[in-house]
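> pasted the sequence and its predicted model underneath.
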Amino acid sequence: MDGNTISKSMSCLLKPHALGATKALIDQNKLKSRVVEMGAEITANFADRRLTVIAVSNGAILFVADLVRSIDLPMQLDSITAYSYSGTKSSGDVKIFSDLKLDITGRSVLLVDDILDTGRTLSKIVEFLKTLEPSGVETCVLLDKPSRRVVDIKADYIGFEVPDVFVVGYGLDYNEYYRNLPYVAVIEPEKG
């Protein structure tokens, strides 16, 4: 396969319609507006606490970048890597792959993730963070999909509730593609 063929193949994969992504479920303007609102709410609620924001990589990176710029407080920022998905299916087995660089002992932690669906990943990370003895752990998600919940967990801050559809964009992916879409779209991956 030559360079042109690879380039054409990759460009097809990155187009929003390549694997069936539909029009935006949540457009850029709604995303921006809601993230600013969430930042103001978090600012008010954490005003008298020592805040450490922890992003769940890779999905929450775009969301957390915009969110922390909307929080008007001194804070620390770190990330943790965990996953349980392959394609559109959750394995049910959550793996945490990175330690924090920061010491969160005695600090107020805000764990930020892209989506809360089954609840397995978020609850496993919260459980892990609590072993590091922060003063508390609160959770923030861009999207909440309560119809898929199998673990009893609710996020403290929620951007949008979404139906049981597979979504991509604004950090969310399908096999690591589509994270760079500036909006959230529904996708129906190819069968087979």
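Here it is on my side, so go on.

> next secondary structure after the longest helix along the chain?
Criterion DSSP state H: the longest helix present in the chain is helix 28-45. Under the assignment DSSP states H and E, the closest C-terminal helix or strand after helix 28-45 is strand 51-57.

> can you dump the C-alpha atoms of the next helix-or-strand element following that following strand in PDB for me?
Counting by DSSP H and E, the element after strand 51-57 in chain order, helix or strand, is helix 61-68. Presented in PDB, the C-alpha positions along helix 61-68 are these (Å, rounded to 0.1, in the frame of the first residue of the first chain):
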ATOM      1  CA  ILE A  61      -9.100  15.400  27.700                       C
ATOM      2  CA  LEU A  62     -11.000  17.800  25.400                       C
ATOM      3  CA  PHE A  63     -13.800  18.300  27.900                       C
ATOM      4  CA  VAL A  64     -11.500  18.900  30.900                       C
ATOM      5  CA  ALA A  65      -9.400  21.400  28.900                       C
ATOM      6  CA  ASP A  66     -12.500  23.500  28.300                       C
ATOM      7  CA  LEU A  67     -13.900  22.900  31.800                       C
ATOM      8  CA  VAL A  68     -10.800  23.900  33.800                       C
END
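
> what packs against the helix or strand that helix 61-68 is followed by?
Reading on from helix 61-68 to the C-terminus, the next helix or strand found by DSSP H and E is strand 75-86. Applying 3 or more CB pairs under 8 Å, 6 or more residues apart in numbering; DSSP states H and E, one finds that strand 75-86 makes contact with strand 51-57, helix 61-68, strand 89-96, helix 120-130. (Glycine included, C-beta is placed from N, CA and C.)

> strand 75-86: partners in the sheet, and parallel or antiparallel?
strand 51-57 (parallel), strand 89-96 (antiparallel) (DSSP bridges).

> between helix 120-130 and that strand, find me the angle.
140 degrees (axes from the mean of the first three to the mean of the last three CA atoms, to 10 degrees).
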